[in-house]
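>>> Quick one: sequence plus predicted model below, questions after.
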There are 2 protein chains.
Amino acid sequence: MHSPKYFQGLIEKEISALSIPGSPVELYDPIRYMLSLGGKRLRPCLLLMANELFGGDVSKAVGPALGIEVFHNFTLMHDDIMDNAPIRRGKETVYKKWNPNIAILSGDTMFVKSCQLMMEVENVHRASVLDLFFKTAAEVCEGQQYDMNFENKVNVSIPEYIEMISLKTAVLLGCSLQIGAMIAGASAENASLMYDFGKNLGIAFQLHDDILDLYAESEKFGKQVGGDILSNKKTILLLHALAHSDTAKVCELKKWISTNDADPELKICAVTQIFESLDVRRKAEADMEDYFLRAMNDFQKVQADPSKKETLSELAERLMVREA
Amino acid sequence: MHSPKYFQGLIEKEISALSIPGSPVELYDPIRYMLSLGGKRLRPCLLLMANELFGGDVSKAVGPALGIEVFHNFTLMHDDIMDNAPIRRGKETVYKKWNPNIAILSGDTMFVKSCQLMMEVENVHRASVLDLFFKTAAEVCEGQQYDMNFENKVNVSIPEYIEMISLKTAVLLGCSLQIGAMIAGASAENASLMYDFGKNLGIAFQLHDDILDLYAESEKFGKQVGGDILSNKKTILLLHALAHSDTAKVCELKKWISTNDADPELKICAVTQIFESLDVRRKAEADMEDYFLRAMNDFQKVQADPSKKETLSELAERLMVREA
């Protein structure tokens, strides 16, 4: 089994070689820019690794791998408009660097491009690959909508939150792994287990993101530590805190998360202290661990060469101890 | 051959029966709203008529017919944000009634839905139908981008304008007709002629729109007559005027189309007078006629039952004499 690094390199090369038209430049330059910002290329790596796990030919899976990555970047381009996010991967977001209209229309065009890339599979697999891809695409939109709804929703339960991150983030990991398996001709049962593996891993991955946002070492993190607190984001940490506080602490927390003009350091410090008094980090880590174990349990049931499986398990484990 | 009215009724019924999820309501209510606004349902009608022309079974073409209509409405939902348009078909646009974020994300979800509907064809046709659909979708985005570019472009030539409306409007009519033909098992040559017929008809249709905007009888038109002049839109009328004026008149025209605070009646009256002095309406009608004849010439070459063809020719002719 090739290493994640190998696949990452391959994806990077294929993305640079993508044929994106020259004009209108206003439409295609932002697409080139967005795809050049890099990132972990996690989803296409997972797709290609799942494909190799079941003996698939990498050349037959490159199209959908790129398709998933282009689709993911399309969602980021539109999310950045909706979330008013000025920075993505250390660079200006498309809507900031150009304007919202450009980000809307370039995003739409990226979505079309991702569909065209998903088409590049053998005839026998096309319908099932596209069915899963479109089902997932609709779910990702639903997840983003729930995420936006949660900004103004007073009581978000932890199951509701898990459902939201499942839709917004996790199903695309499941989809990537299942499509990789399908293209390689894996059995329906194995393909479905790969989906469950990816979905549970994706939930654990997002919970880890929530924890990292506050507890990462700042020099390795590359973003402002505590950014979620400053933007009053409902994360697994905040939801556990709200679920486990007494009335006085709930009031104090709600006071902090309803203000935008508090001193940043003071706000992060105060909220972190409440979190610590309620042992929130441990609770969130327990949730993360729980979903990670579910993922590994699904993966264990997958019938494939154990030595190849090892490389994918290692990648999954590495995602849970990353520092950024 | 069934009448356009029959197909329109069928489409209307199928749209009401579309299964659109209940939640999140913020995502799906705007889709229901947009699809309920009505309209001519021209594209799906053309698709179903082309399908019947070549002996296709209507039940096998309903999916893509709806797919084309949902896609068209997705582009309108996003265009309305970009164009800052408050009213569509006499009702508030989605971005006005809700907000731009809702219109972005509901639009994205509509696009996904349109792809899922396009999948509903027999296996043997799926790849070619989707290839044409995605190629056309990318072109429609390019057309919208050129349209936005033209707002600030000083010298737009008539061929550039024709290319823009071809991408933004006409290729989707060609695509609808070709897909209908393909699903019915028409020969590649006939399918391609149907595309050319639709594309040229689409150009004529848009030129007719430009002319109607100023020369429609206001009580039948349903929109403000002269709206394009008030919004300084580059239409075939304005481009002919700019191409055929002497320097003094060009200056006067440019003065009018660079202002937003002129008295509306005065502005429409002044620009219309310049148009009349330059015989602009006749020139635009000659262009429209030219593309209409090209369309009918393509359609004449199509090999199919002449009595069935008659119904489609009549519809095409009717589009050129409509009053709204």
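Noted; the coordinates are in hand.
>>> near chain B, which residues of the stretch 51-200 of chain A show up?
Where the stretch 51-200 of chain A comes near chain B, counting by CB under 8 Å from any CB of the partner chain, the residues are A:78, A:81-82, A:100-101, A:104-105, A:107-109, A:111-113, A:115-116, A:119, A:123, A:126-127, A:130-131, A:134-135, A:137-138, A:141-142, A:144-146, A:148-149. (Each C-beta comes from the backbone N, C-alpha and C, glycine too.)
>>> Show me which of those are buried.
Buried residues within these, counting neighbours by 16 or more other CB atoms under 10 Å in any protein chain shown: A:78, A:81-82, A:100-101, A:104-105, A:107-109, A:111-113, A:115-116, A:119, A:126, A:130, A:134, A:137-138, A:141-142, A:144-146, A:148-149.
>>> Inside helices: which ones of the residues you listed?
A:78, A:81-82, A:100-101, A:104-105, A:107-109, A:111-113, A:115-116, A:126, A:130, A:134, A:137-138, A:141-142, A:144-146, A:148-149 (DSSP state H).
>>> show me where the stretch 101-250 of chain A has helices.
Ranges of helices in the stretch 101-250 of chain A, per DSSP state H, counting those that start in this stretch, are A:123-152, A:158-165, A:171-183, A:188-215, A:218-221, A:227-230, A:236-244, A:247-256.
>>> contact partners of the fifth one?
Just to be clear, that refers to helix A:218-221. A:L212, A:Q224, A:V225, A:E323, A:A324 (CB atoms under 8 Å, 6 or more residues apart in numbering or on different chains).
>>> From those residues, pick the one nearest A:S307.
Using CB to CB, A:E323 is the member of the contacts of helix A:218-221 that lies nearest A:S307, at 28.1 Å.
>>> if I've got this straight, the closest one is in a helix?
No. A:E323 is assigned coil when assessed by DSSP: H, G, I helix; E, B strand; the rest coil, not a helix.
>>> Look at the closest residue to it other than its chain neighbours and report its pLDDT.
Leaving aside its chain neighbours, A:E323 sits nearest to A:K220 (4.4 Å; criterion: CB to CB, 6 or more residues apart in numbering or on different chains). As predicted, A:K220 sits at a pLDDT of 73.
>>> what's the helix or strand for the residue nearest to A:L312 when sequence neighbours are not counted?
In space, and not counting its chain neighbours, A:L312 is closest to A:M49: 5.4 Å by CB to CB, 6+ apart. A:M49 belongs to helix A:42-53 when assigned by DSSP states H and E.
>>> Show me which of the contacts of helix A:218-221 are buried.
Buried members of the contacts of helix A:218-221, counted by 16+ other CB under 10 Å: A:L212, A:V225.
>>> among the contacts of helix A:218-221, which two are most distant?
Taking CB to CB, the two most distant members of the contacts of helix A:218-221 are A:Q224 and A:E323; they sit 15.0 Å apart.
>>> related to what we said a few turns ago, and the helix holding A:M49, what does it pack onto?
helix A:4-16, helix A:62-82, helix A:171-183, helix A:306-321 (3 or more CB pairs under 8 Å, 6 or more residues apart in numbering or on different chains; DSSP states H and E).
>>> give me that answer again for 6 Å
For helix A:42-53, the packing partners by 3 or more CB pairs under 6 Å, 6 or more residues apart in numbering or on different chains; DSSP states H and E come out as helix A:4-16, helix A:62-82, helix A:171-183.
>>> Any buried residues in stretch A:303-316, and which?
Going by neighbour count (16+ other CB under 10 Å), the buried part of stretch A:303-316 is A:A304, A:K309, A:T311, A:L312, A:L315, A:A316.
>>> Not counting stretch A:55-72 itself, show me its contacts.
With CB atoms under 6 Å, 6 or more residues apart in numbering or on different chains as the test, stretch A:55-72 has contacts from A:14, A:43-44, A:47-48, A:51, A:110, A:113-114, A:117-118, A:120-121, A:176, A:179, A:183-184.
>>> Any chance of a PyMOL selection covering the buried ones in those?
Remark: buried members of the contacts of stretch A:55-72, expressed as a PyMOL selection using 16+ other CB under 10 Å:
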select buried, chain A and resi 14+43+44+47+48+51+110+113+114+117+118+120+121+176+179+183+184
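>>> residues contacting A:K267?
By CB under 6 Å, 6+ apart, A:K267 lies in contact with A:W256.
>>> related to what we said a few turns ago, hmm, the residue nearest to A:L312 is touching A:E314, no?
No. With contacts counted by CB atoms under 6 Å, A:M49 stays clear of A:E314, the gap being 10.6 Å.
>>> okay, which residue is most central for chain A?
A:T169 (4.2 Å; CA atoms, centre = their mean).
>>> quick revisit: quick one, which of the helices and strands packed on helix A:42-53 is nearest to B:D196?
So among these, helix A:62-82 is nearest, using CB to CB, at 29.8 Å.
>>> tell me the average confidence for that closest one?
Averaged across helix A:62-82, pLDDT comes to 98.
>>> Give me the angle between it and helix A:123-152.
Counting by axes from the mean of the first three to the mean of the last three CA atoms, to 10 degrees, helix A:62-82 lies at 20 degrees to helix A:123-152.
>>> so what strands line up beside the next helix or strand after helix A:62-82?
Next helix or strand after helix A:62-82 toward the C-terminus (DSSP H and E): strand A:87-88. Strand A:87-88 sits in its sheet next to strand A:91-92 (antiparallel), going by DSSP bridges.
>>> what's the partner strand in contact with?
Contact with strand A:91-92 is made by A:L37, as judged by CB under 6 Å, 6+ apart.
>>> just stretch A:137-149 next, same as before
The set of residues external to stretch A:137-149 that reach it, using CB under 6 Å, 6+ apart, is A:75, A:164, A:167-168, A:171-172, B:24, B:26-27, B:105, B:108-109, B:112.
>>> try 7 Å
The contact list for stretch A:137-149 (CB atoms under 7 Å, 6 or more residues apart in numbering or on different chains) reads A:71, A:75, A:79, A:82, A:164, A:167-169, A:171-172, B:24, B:26-27, B:101, B:105, B:108-109, B:112.
>>> go on, stretch A:105-125?
Contact with stretch A:105-125 is made by A:27, A:30-31, A:60, A:63-64, A:66-67, A:70-71, A:73-74, A:77-78, A:94, A:126, A:129-130, A:133, A:182-183, B:78, B:82, B:111, B:115, B:127, B:130-131, B:134, B:137-138, B:141, B:144-145, as judged by CB under 7 Å, 6+ apart.
>>> With stretch A:291-308 instead?
Applying CB under 7 Å, 6+ apart, the contact partners of stretch A:291-308 are A:1, A:52-54, A:190, A:193-194, A:196-197, A:200-201, A:203-204, A:207, A:309, A:313, A:316, A:320.
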